[in-house]
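S.K.: Just the structure for this:
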Amino acid sequence: MNQAQQAINRLIEQTEKSVIGQRHVVEALVIGLLANGHILLEGLPGTAKTRSVKSLANLLSTDFGRIQFTPDLLPSDVTGTEIYQDLNGKPQLHFQPGPIFNSIVLADEVNRAPAKVQAALLEAMAEGTITVGDTTHQLPELFMVLATQNPVEQEGTYPLPEAQMDRFMMKVTVEYPEDEAERDIIRLVRSEEPGAAVSDQNATNGQNEELDNIEPDIVLEARRQLPNVTVSDLVERYIVALVMATRKPERYPDSNLANWIEVGSSPRASIALDKCARAYAWLQGRDHVLPDDVRAMSPMVLGHRFTLTYDALADGINHLRIVEELLDHVEIG
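M.R.: Model (predicted):
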């Protein structure tokens, strides 16, 4: 492994010390960072979604912005606004940047704000810019939106439109931790309390020790290395076959895909799957992508990019179950 790969893997290990039992979440955050994409975290309250994002931002020593989405939020509360200032007796318009002008932006409970506020994120996520009035402002080179939402509570929420869902490179499901991880969480939080005993700190097995910060330039260097990760014709055909199976499920008559998928994935799915598979392979220290890398990233990349039929909804079939069906029936090569 080169220096950048070692540093990024250390970033994953360090973040895991603050977020216990959620390694797949931590890996997904870092892959999104490397692939220059945005991530939607979906999970029940208390599953460390916000903590994961804050821990990653702290370890990167980069600017962090948090937006708590509420029904009364305005687009200007996200993007910023132009304000009047009196300079030497002459009134002038001055742009006051909003919290979106940070490297890592947490859009907490993004589905609690109406569509016009959610739409304020679209330009930022797609173009890396914000337009206010007739002026376009550039966002930082290192920029990622991490949005969270609760999958259960629907009262007072506004489902994300398909166009915005498609702009998230990955959707990561955050589950409850297992028994032993739950005990480690209790110990970790206890050790973080003011005046915690030394024995409590030791009980966390070093999880509360001082963590090493990673310079943001390391992430940018890692991004420059990703184009050197090769993708064979076989893997490219496999990526295309997976995406096309969501659009033309009738190609697989022995599966349930045609009964379950109403609208297939857009070309953004192919692009995202290629980028994430290369980032995943790079993290493993390889300079080429394997079909298993594509399979590993498919649930998070494809799971939110197609629409279910009424029959699938009625039968309680979810997106991840359909991705499993895709992986079972689409052949490699």
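
S.K.: Show me where this protein has its strands.
M.R.: 39-43, 64-68, 80-87, 90-97, 104-108, 129-132, 135-138, 144-149, 170-174, 261-263, 307-308 (DSSP state E).

S.K.: can you list the weak-confidence ranges in the stretch 201-333 of the chain?
M.R.: 201-212 (pLDDT under 70).

S.K.: For Tyr238, see how far away the spatially closest residue to Thr129 that is not a sequence neighbour is.
M.R.: Beyond its immediate neighbours in the sequence, the residue positioned closest to Thr129 (C-beta to C-beta, 6 or more residues apart in numbering) is Thr136, lying 5.1 Å away. The C-beta positions use only the backbone N, C-alpha and C, and glycine is treated the same way. Applying C-beta to C-beta, to the nearest Å, one obtains 39 Å for the distance of Thr136 from Tyr238.

S.K.: Asn102 now?
M.R.: Taken as C-beta to C-beta, the span from Asn102 to Tyr238 is 37 Å.

S.K.: residues in contact with the most centrally placed residue in the chain?
M.R.: Residue closest to the average C-alpha location in the chain (C-alpha atoms, centre = their mean): Ile39, at 1.8 Å. Contacts for Ile39 (C-beta atoms under 8 Å, 6 or more residues apart in numbering) come out as Ala28, Leu29, Gly32, Met144, Val145, Leu146, Ala147, Phe168, Met169, Met170, Lys171, Val172.

S.K.: ok, so of those, who is nearest Pro253?
M.R.: Using C-beta to C-beta, the shortest approach to Pro253 within these belongs to Lys171, at 28.5 Å.

S.K.: What is the burial count for that closest one?
M.R.: Other residues within reach of Lys171, judged by other C-beta atoms under 10 Å, total 22.

S.K.: Identify the spatial nearest neighbour of it, chain neighbours not counted.
M.R.: Leaving aside its sequence neighbours, Lys171 sits nearest to His304 (C-beta to C-beta, 6+ apart; 3.9 Å).

S.K.: Ok, Tyr158 next?
M.R.: Spatial nearest neighbour of Tyr158, chain neighbours left out: Pro114 (5.3 Å); criterion: C-beta to C-beta, 6+ apart.

S.K.: measure that neighbour to Gly195 for me?
M.R.: Taking C-beta to C-beta as the measure, Pro114 and Gly195 are separated by 44 Å.

S.K.: the more surrounded of those two?
M.R.: Neighbours around Pro114 and Gly195, counted as other C-beta under 10 Å, are more numerous at Pro114. The numbers are 15 against 5.

S.K.: correct me, but that one touches Pro159?
M.R.: No - proximity of Pro114 to Pro159 does not meet the contact threshold set by C-beta atoms under 8 Å, at 11.1 Å.
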